[in-house]
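S.K.: Take a look and give me a structure for this.
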Amino acid sequence: MFKSIGVIELKSIPKGVEATDAALKSAGVDMVAAHPACPGKYEIVLTGSISNVTAAVSHVLAKFDGYIIDSSVMGRIDEQVIKALFGTQTGEKKGSLGLIETFSAATTIKAADIAVKTARVEIFDLRVSRGMGGKGVVMLTGEVGDVTAAVEAGSNYAAQTGQLSSNAIIAAPHEGLWNQL
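M.R.: Below is the predicted model of the structure:
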């Protein structure tokens, strides 16, 4: 699977396409995804060895400094996060529900990775940017204590980066809510 990933968000679609090319030419990385996102952002997701991903992200950050919204490099990313990013995570509607909402995809992905590594929780859903005004949200399930610890850890990271929008913990979601999610 993925050794590590780097996520870069830019506030210009043309510069995002140019930055993708620069990243791919700068180090031995592969592109997982590169696409426009709401509202007029461009998101790049790269994979490869941690040193190559770090080099590629650093190259883009230096070259496109005025266009960068957010970025993150993650080594040994949890498999749940990868599955959730590709929509193959099958979260169960059980236990408590925790949510972390951020202003960027990069921060949402990193907060999700921190959350699942902090406590015994499962990713129920992970959504980034598209149709969300550029925000991202991760939904976590598990025992209320684990969900609380995971949401706190992921939210603390997002708050430190200035990208936390909000969070919530619902100890026992109503069946009607589960059916809507």
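
S.K.: all helices of the protein, in order?
M.R.: 13-26, 50-63, 79-85, 105-118, 144-161, 175-180 (DSSP state H).

S.K.: For the most centrally placed residue in the chain, give its distance to Leu177.
M.R.: Centroid check for the chain by C-alpha atoms, centre = their mean gives Ile109 as the closest residue, at 1.5 Å. Distance of Ile109 to Leu177, given as C-beta to C-beta, to the nearest Å: 25 Å. C-beta coordinates here come from the backbone N, C-alpha and C atoms, glycine included.

S.K.: can you tell me the average pLDDT over stretch 96-109?
M.R.: Taken as a whole, stretch 96-109 has an average pLDDT of 94.

S.K.: any idea how far Ser104 is from Ala158?
M.R.: Counting by C-beta to C-beta - Ser104 and Ala158 are separated by 9 Å.

S.K.: To clarify, my last question referred to Gly142.
M.R.: Counting by C-beta to C-beta, the gap between Gly142 and Ala158 amounts to 19 Å.

S.K.: cool, Glu18 as well?
M.R.: 28 Å.

S.K.: picking that back up, arrange the helices of the chain in CSV, one row each, with distance to Gly133 as further columns.
M.R.: Shown next, in CSV, are those (distance: least, C-beta to C-beta, whole Å):
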stretch, distance to Gly133
helix 13-26, 16
helix 50-63, 24
helix 79-85, 19
helix 105-118, 12
helix 144-161, 16
helix 175-180, 20
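
S.K.: So which of these is the most surrounded?
M.R.: helix 105-118 (a mean of 26; mean count of other C-beta atoms under 10 Å).

S.K.: how far is that helix from where the chain is centred?
M.R.: 6 Å (C-alpha atoms, centre = their mean, to the nearest Å).

S.K.: how big is the angle separating that helix from helix 50-63?
M.R.: Interaxial angle, helix 105-118 versus helix 50-63 (axes from the mean of the first three to the mean of the last three C-alpha atoms, to 10 degrees): 150 degrees.

S.K.: who does helix 105-118 touch, helix- and strand-wise?
M.R.: The contact analysis (3 or more C-beta pairs under 8 Å, 6 or more residues apart in numbering; DSSP states H and E) places helix 105-118 against strand 4-10, strand 68-75, helix 79-85, strand 96-102, strand 122-128, strand 136-142, helix 144-161.
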